[in-house]
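Asker: return a 3D structure for these sequence lines:
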Amino acid sequence: FNDPDKPLAVGFRAGAARSFQEDMQAMLENLKTSIAKAFENSEYKQQRDQISNSVRQQMVDLFHKVETKAKEAGFVMQQYPGRVIFVPAEDGEPMPKEAYEKLSLEERKEIEQQSHDLEKQMDEAVKQGQRMEREGSEKIAELDRKIAFDASEEIVGKVKEKYQEVEKLEFYLDALLKDVVDNYRLFVKNPNAQGNPFQQGGQGGGQGDGGGGFPGAFLPQNGGDRFNRYKANLFVTNESEKGAPVIVESNPNFYNLFGKIEYKSSYMNMTTDFTMIKSGALHRANGGYLILHAKDLLMDPLVWNSLKKALKYQEAVIENIGEQYRLIPTKTFRPQAIPLDVKVVLIGTPIFYEVFSSDEDFVKLFKIKVDFDVEMPRNKDNVCQYVSFVSSICEEEKLKAFDRSALAAIIEYGSMLSADQNKLSTRFSDIKDIVLESHAMAKMKEAELVTDGHVKQAIEQRKYRVNKIEEKMKEQIHKNRISIQTEGEEIGQVNGLSVMMLSGYMFGIPSRITAQTYMGKGGVINIERETNMSGSIHTKGVLTLSGYLGGKFAKEKPLSLTAQITFEQNYGGVDGDSASSTELYAVLSSIGRIPLKQNIAVTGSVDQRGMIQPVGGVTQKIEGFFDVCREKGLTGDQGVMIPHQNVENLMLKEEVLEAVEEGRFHIYAVKTIEEGIEILTGLPAGEQDEEGEYPEGSVFAKVKERLEVSHKKLRESRRPLKATENNKEEAEDSDDSQETDKDDQNSDE
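Answerer: Below you'll find the predicted structure:
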């Protein structure tokens with residue numbers, strides 16, 4: 001009340017704020033009734049009339065005394081606007097002008113002096129009358145305040161007693177009581193009738209109102225109720241919370257986060273009052289937790305800077321965003337800053353954590369980092385949690401119930417998202433989406449329950465909406481515009497399996513990998529690397545092949561080999577080492593001139609010792625090759641070869657599982673290059689004996705034999721060159737000796 005532009009913020013225990021607001025409203029209604037009745041009381045009117053009549057009588061006596069003196073002195077009193085004059089009298093009437101002019105000069109001077117003295121006495125009487133009016137006005141005002149206080153004290157006191165433990169509230173209610181008493185006329189039904197009789201126009205006023213009407217401070221600022229100042233603005237309430245509030249703000253713009261001061265258009269002006277101050281998520285989360293998405297904060301730098309300031313100084317300031325950028329300051333509310341005790345939780349991907357870490361304030365304010373897993377074990381408890389999650393979605397969204405088969409399909413979908421038979425995905429937003437879409441499928445078919453068929457259809461529809469590029473590429477393969485063989489045998493050629501990620505959709509596609517080997521010392525050459533189309537991981541995988549070949553076949557003799565490897569008809573770049581084993585098979589085939597089966601596609605990384613290592617996207621790779629084989633025609637001997645560690649990652653669609661069970665498609669899990677080359681060639685890989693030789697007819701025997709032949713030919717091809725060089729050196733030595741002899745002869749002469 002002392003500073004209306006700075007509303008007071010008062011904190012209550014949870015749930016008590018609304019009760020206080022209701023009590024304040026009830027108190028206001030009681031004040032209206034009580035004060036109005038008090039001023040309508042006959043005893044009050046009698047006391048008021050007694051004071052006013054007494055003052056009036058004293059003033060009448062005072063002016064009558066001056067008038068009597070004037071009559072005794074032979075003068076009559078005449079009133080004019082703003083002044084009173086005394087004129088000489090003749091027979092009780094004002095002396096005519098002619099009679100006055102007949103008087104002598106001395107008589108006229110004496111009359112003027114007497115008139116002047118009477119006017120001075122009248123002026124003094126007027127001043128005394130004004131003092132009497134002021135004293136009377138003060139007495140009436142004091143009486144009014146006493147009546148208002150007596151009518152209000154008990155009502156306000158009950159509220160003060162009820163909330164005596166609330167800090168700041170006693171001070172506030174005492175100030176409210178004083179304000180009500182000073183401005184009691186707000187509560188009087190006919191304030192003009194109760195005006196102070198000694199003030200101009202008969203209209204009394206409260207303290208400081210300047211003589212009539214309502215005080216300027218009490219004019220409604222938003223064209224609304226003039227009693228707003230005696231109400232409580234419920235800024236934040238946690239009455240429905242059982243514990244600390246947990247607020248999730250999905251749209252953290254400035255006003256949603258930090259609150260605002262609303263305005264109302266009134267007579268072409270924008271007006272407001274403290275009841276139009278609205279809270280933000282930061283205030284609602286005070287004393288608890290505020291959860292925000294890190295990405296959203298980056299979209300608005302002003303929000304991020306304001307949040308840092310609030311957390312740094314531990315107070316929430318309420319102001320409109322325009323106040324920070326206004327060229328000309330305007331008068332508005334400056335609400336009291338609210339002490340802040342909140343834990344802010346930012347949710348985001350690791351990349352956003354790295355971005356925020358570049359801000360030194362972020363590290364100081366957000367000290368705890370929690371790295372959540374995107375998957376969880378597929379055990380009984382977590383499966384039950386999945387079922388409960390689906391059930392809660394159905395209840396919240398009013399969806400059809402899911403039967404056992406549908407729930408099982410949802411669980412399988414969770415494992416598919418995690419790419420592990422023993423895991424479940426914690427990407428619950430994706431799970432919720434598929435639940436909603438499955439319900440939509442069941443609703444379209446007017447089914448009573450959601451079944452596994454609806455879930456599978458929803459998954460297929462989701463895939464169909466985003467797999468345009470996949471379908472286009474498979475169409476190119478089917479039309480042989482992209483050459484992929486699924487039958488027969490070829491030397492130095494094998495079908496590799498790769499995955500592509502487009503707009504969050506991952507799919508597998510076969511790639512034709514070829515190798516050409518010839519005599520030389522160039523080693524293994526990665527064509528993609530030479531053309532700057534190879535990623536660093538793929539380059540590392542290719543270099544690993546040199547280590548394997550050298551360790552396997554060049555321990556006693558140098559590796560006389562140049563091998564070139566490439567992904568045919570690939571123009572978009574290659575990365576990853578999942579094709580390194582595939583490339584090695586192609587190189588071995590090319591060296592040994594051994595045909596490889598084209599009906600088997602391969603994926604898997606390899607180390608320098610020939611051990612097969614796991615890769616990613618194995619499910620998509622298998623399904624991609626299966627789709628190509630199906631389009632070209634399943635022969636019953638087609639299949640894929642994968643690392644044995646990836647078996648638990650398989651989450652294949654039913655069509656592939658049925659084909660495998662019926663023997664129309666095959667999946668081979670291998671541990672070593674030896675196992676893989678035997679499957680691709682139908683020949684034994686071969687194991688070295690004590691003399692370092694491989695069994696005749698084995699893959700490695702043929703490779704070693706070809707390398708030895710290459711080494712021998714390379715060595716022989718260099719011999720003539722060396723002989724020629726030696727002859728040239730001998731001839732040069734002979735010429736040098738002849739020149740030396742000539743020099744000796746010249747010196748002797």
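Asker: show me what contacts residue 172?
Answerer: 8, 10 (Cβ atoms under 8 Å, 6 or more residues apart in numbering). Yep, even glycine has a C-beta here, placed from its N, CA and C like the rest.
Asker: what helix or strand does it sit in?
Answerer: Assigned by DSSP states H and E, residue 172 falls within helix 169-182.
Asker: buried sites along the very next helix or strand once past that helix?
Answerer: Remark: after helix 169-182, the chain's next helix or strand is strand 246-248, criterion DSSP H and E. Under the neighbour-count criterion of 16 or more other Cβ atoms under 10 Å, strand 246-248 has residue 247 buried.
Asker: what sits up against the helix or strand just after strand 246-248?
Answerer: Next helix or strand after strand 246-248 toward the C-terminus (DSSP H and E): helix 254-258. Applying Cβ under 8 Å, 6+ apart, the external contacts of helix 254-258 come out as 249, 280-282, 300, 302-303, 306-307, 310, 316-321.
Asker: show me those residues that map onto helices.
Answerer: Of the contacts of helix 254-258, the ones assigned to helices by DSSP state H are 281, 282, 302, 303, 306, 307, 310.
Asker: what subset of these is buried?
Answerer: With neighbours counted by 16+ other Cβ under 10 Å, these contain buried members at 281, 282, 303, 306, 307, 310.
Asker: find the nearest non-adjacent residue to the fourth one, please.
Answerer: Meaning residue 306. For residue 306, ignoring the flanking residues on the chain, the nearest one in space by Cβ to Cβ, 6 or more residues apart in numbering is residue 258 at 6.0 Å.
Asker: so what pLDDT did residue 583 get?
Answerer: For residue 583, the pLDDT comes out at 90.
Asker: could you count how many residues lie near it?
Answerer: 28 (other Cβ atoms under 10 Å).
Asker: again, but for residue 389
Answerer: If you count neighbours by other Cβ under 10 Å, residue 389 ends up with 16.
Asker: tell me which element it falls in.
Answerer: Element membership of residue 389, judged by DSSP H and E, is helix 380-397.
Asker: and the gap between residue 168 and residue 9?
Answerer: Separation of residue 168 from residue 9 (Cβ to Cβ, to the nearest Å): 8 Å.
Asker: looking at these two, which one has more neighbours?
Answerer: Between residue 168 and residue 9, counting by other Cβ under 10 Å, residue 9 is the more crowded of the two (18 against 12).
Asker: so that one, which state does it fall into?
Answerer: Here residue 9 is coil, with the state taken from DSSP: H, G, I helix; E, B strand; the rest coil.
Asker: identify the residues contacting it.
Answerer: Contacts of residue 9 (Cβ under 8 Å, 6+ apart): 235, 335, 336, 337, 338.
Asker: from those, which land in strands?
Answerer: Counting by DSSP state E, the part of these found in strands is residue 338.
Asker: got CSV for the contacts of residue 9, with neighbour count too?
Answerer: Putting the contacts of residue 9 into CSV (neighbours: other Cβ atoms under 10 Å) gives the following:
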residue, neighbour count
235, 21
335, 21
336, 15
337, 15
338, 21
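Asker: looking at the contacts of residue 9, which is nearest residue 180?
Answerer: residue 336 (22.0 Å; Cβ to Cβ).
Asker: is it correct that the closest one is in contact with residue 7?
Answerer: Yes. Residue 336 lies in contact with residue 7 (Cβ atoms under 8 Å); the separation is 6.5 Å.
Asker: identify the residues contacting stretch 115-130?
Answerer: With contacts defined as Cβ under 8 Å, 6+ apart, stretch 115-130 is touched by 59, 62-63, 65-66, 69-70, 73, 75, 77, 84-88.
Asker: how about a cut-off of 10 Å?
Answerer: By Cβ atoms under 10 Å, 6 or more residues apart in numbering, the residues outside stretch 115-130 that reach it are 55-56, 58-60, 62-67, 69-70, 73, 75, 77, 83-88, 198.
Asker: from residue 631, how far off is residue 467?
Answerer: 15 Å.
Asker: so where's the stretch 501-650 of the chain uncertain?
Answerer: 522-534, 538, 541, 573 (pLDDT under 70).
Asker: show me where it has helices.
Answerer: Taking DSSP state H, counting those that start in this stretch as the test, the helices found in the stretch 501-650 of the chain are 527-530, 536-553, 580-592, 618-632.
Asker: ok, residue 177 - contacts?
Answerer: Taking Cβ under 10 Å, 6+ apart as the contact definition, residue 177 lies against 1, 31, 148, 149, 152, 153, 155, 156, 157, 159, 160.
Asker: which strand in the chain runs the most residues?
Answerer: strand 505-518.
Asker: related to what we said a few turns ago, pick the one among the contacts of helix 254-258 closest to residue 619.
Answerer: For the contacts of helix 254-258, the residue nearest residue 619 by Cβ to Cβ is residue 249; the value is 37.5 Å.
Asker: pretty sure residue 670 is touching residue 612, no?
Answerer: Yes. Counting by Cβ atoms under 10 Å, residue 670 does reach residue 612; the two are 5.5 Å apart.
Asker: overlap in contacts of the two?
Answerer: Residues touching both residue 670 and residue 612 (Cβ under 10 Å, 6+ apart) are 581, 602, 604, 641, 642, 643, 644, 676.
Asker: tabulate these (JSON lines), appending neighbour count and distance to residue 440.
Answerer: Below are these laid out as JSON lines (neighbours: other Cβ atoms under 10 Å; distance: Cβ to Cβ, whole Å):
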{"residue": "581", "neighbour count": "33", "distance to residue 440": "43"}
{"residue": "602", "neighbour count": "30", "distance to residue 440": "40"}
{"residue": "604", "neighbour count": "31", "distance to residue 440": "40"}
{"residue": "641", "neighbour count": "26", "distance to residue 440": "40"}
{"residue": "642", "neighbour count": "28", "distance to residue 440": "35"}
{"residue": "643", "neighbour count": "23", "distance to residue 440": "39"}
{"residue": "644", "neighbour count": "15", "distance to residue 440": "40"}
{"residue": "676", "neighbour count": "28", "distance to residue 440": "45"}
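Asker: so how far is residue 184 from the closest residue to residue 594 other than its chain neighbours?
Answerer: Spatially, and ignoring its direct neighbours in sequence, residue 594 is nearest to residue 681 (5.3 Å; Cβ to Cβ, 6+ apart). Counting by Cβ to Cβ, the gap from residue 681 to residue 184 is 108 Å.
Asker: so which of these two has more stuff around it?
Answerer: Neighbour count, other Cβ under 10 Å: between residue 681 and residue 184, residue 184 has more, with 27 against 21.
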